[in-house]
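> What shape does this take:
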Amino acid sequence: MTVQDIRSFNRFYTNLIGALDYGRHLYAPYTLTESRVLYELAHSPRTDAADLRTELHLDAGYLSRILNKFEQDGLIERAPSERDPRRRRITLTARGRKAADLLDERARETVGALLAHVPPEERGRLAEALRTVRAILGADRASRPEDVVLRQPGPGDLGWIVQRNAALYAAEYGWNTDYEGLVARIVADFAQDHDPHLERVWIAELDGRPVGCVMCVRDEAPATARLRLLLVEPEARGLGIGDRLVTAVVDFARGVGYRDLVLWTNDVLTAARRVYQRHGFVLVAEKPHRSFGKDLVGQDWRLDLRGTPE
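Numbering: from 1, shown residues only. A predicted model of the protein is given here:
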């Protein structure tokens with residue numbers, strides 16, 4: 001491996017993805033850098049201007065010009081940071097989120113078209129090669145909360161939700177395949193018939209791989225949403241992923257007009273219950289039951305979405 005090998009690959013890949021003319025490549029009025037800033041604003045839990053500059057390794061003046069352009073276009077709003085009034089907190093407006101979503105959709109379509117030319121039997125090898133590059137070149141730094149991205153599910157992600165729920169709950173709690181069957185039915189129902197305006201799935205991604213998930217679906221009760229299948233991989237715990245996933249569900253449910261958000265869990269899932277309590281969920285009922293090969297205590301929790309968000 002030589003410097004020239006990496007430089008040659010960089011030229012090949014930037015040409016492949018159209019990085020040198022990114023705006024025209026995605027039919028959007030933004031450069032690659034501007035698109036990346038929009039992406040970070042839409043997905044990062046930390047959106048102070050100083051954090052953006054550090055995360056993206058951008059010159060302060062260059063980032064300031066990008067943010068000025070976004071503000072003039074009505075994509076962002078700036079205000080003093082809640083953590084430090086000397087900093088500037090950047091938030092996307094509704095127009096800005098729409099622009100970020102459109103860019104994300106077009107980027108997915110572009111990558112999807114790229115992968116369409118890769119034979120199915122070669123995709124696993126390609127994915128492993130990408131993970132190897134990330135692992136080797138990024139081996140000297142630990143994962144950080146800002147490295148985690150929340151995204152919509154792509155091909156194979158719903159199957160991953162079923163597989164990882166089954167494997168983790170079997171390993172950590174000894175649950176049998178009855179639980180896998182339950183998760184499979186929940187996921188299948190969502191895949192076959194859901195309203196994208198009222199129901200959604202989030203995948204937490206770290207270093208190019210899924211490490212968490214959660215679902216928001218309609219409940220039988222009027223104006224009520226149900227949080228389902230919250231999961232965080234063991235190696236990704238401690239990064240605040242569970243809190244971010246629950247926040248995503250709460251914000252989404254409140255934003256589309258649900259009045260209540262409910263969930264069912266079991267008393268043995270202590271870490272998840274602490275997350276729910278931090279977000280204001282209240283225990284409304286509990287009942288012993290025999291499920292998944294174990295004696296458990298099921299719990300119903302509820303959050304009133306009409307209250308003032310914290």
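
> part of a strand, is Gly280?
No: applying DSSP: H, G, I helix; E, B strand; the rest coil, one finds Gly280 to be coil, outside a strand.

> so it touches Leu305, yeah?
No: counting by CB atoms under 8 Å, Gly280 stays clear of Leu305, with 9.5 Å between them. (Glycine included, C-beta is placed from N, CA and C.)

> Comparing the two, which shows the higher neighbour count?
Between Gly280 and Leu305, counting by other CB atoms under 10 Å, Leu305 is the more crowded of the two (20 against 16).

> three-state assignment of the residue lying closest to the more buried one once chain neighbours are set aside?
Distance criterion CB to CB, 6 or more residues apart in numbering; nearest residue to Leu305, sequence neighbours excluded, is Arg254 at 4.6 Å. Secondary structure, three-state DSSP: Arg254 is helix.

> ditto for Ala79
Secondary structure assignment for Ala79 (three-state DSSP): strand.

> Contact partners for it?
Ala79 is in contact with 88-89, 91, counting by CB atoms under 8 Å, 6 or more residues apart in numbering.

> In stretch 233-250, which residues are buried?
For stretch 233-250, burial by neighbour count (16 or more other CB atoms under 10 Å) applies to 233, 236, 239-250.

> out of those residues, who's nearest Glu122?
Closest approach between those and Glu122, by CB to CB: Glu233, at 26.1 Å.

> For the residue nearest to the closest one when sequence neighbours are not counted, give its distance to Leu229.
Ranked by CB to CB, 6+ apart and with sequence neighbours excluded, the top spatial neighbour of Glu233 is Val211, at 4.3 Å. Applying CB to CB, to the nearest Å, one obtains 14 Å for the distance of Val211 from Leu229.

> in this structure, what secondary structure element scores lowest on mean pLDDT?
For the chain, the helix or strand with the lowest mean confidence is helix 22-25, at a mean of 68 (criterion: mean pLDDT, DSSP states H and E).

> Give me the next element, helix or strand, following that helix.
helix 32-43 (DSSP states H and E).

> Which strands or helices does that next one pack on?
For helix 32-43, the packing partners by 3 or more CB pairs under 8 Å, 6 or more residues apart in numbering; DSSP states H and E come out as helix 22-25, helix 49-56, helix 60-72, strand 88-92, helix 94-115, strand 148-151.

> who wins for proximity to Val3 among those?
helix 49-56 (23.7 Å).

> elements contacting the closest one?
The contact analysis (3+ CB pairs under 8 Å, 6+ apart) places helix 49-56 against helix 32-43, helix 60-72, strand 88-92.

> how about the closest residue to His194 other than its chain neighbours, phi and psi?
Counting by CB to CB, 6+ apart, His194 lies nearest to Val217, which is 6.9 Å off, once chain neighbours are set aside. The phi/psi pair for Val217 (degrees, to the nearest 10) reads phi -130, psi 160.

> which residues touch Val217?
So Val217 contacts 190, 194, 199, 225-226, 228 (CB under 8 Å, 6+ apart).
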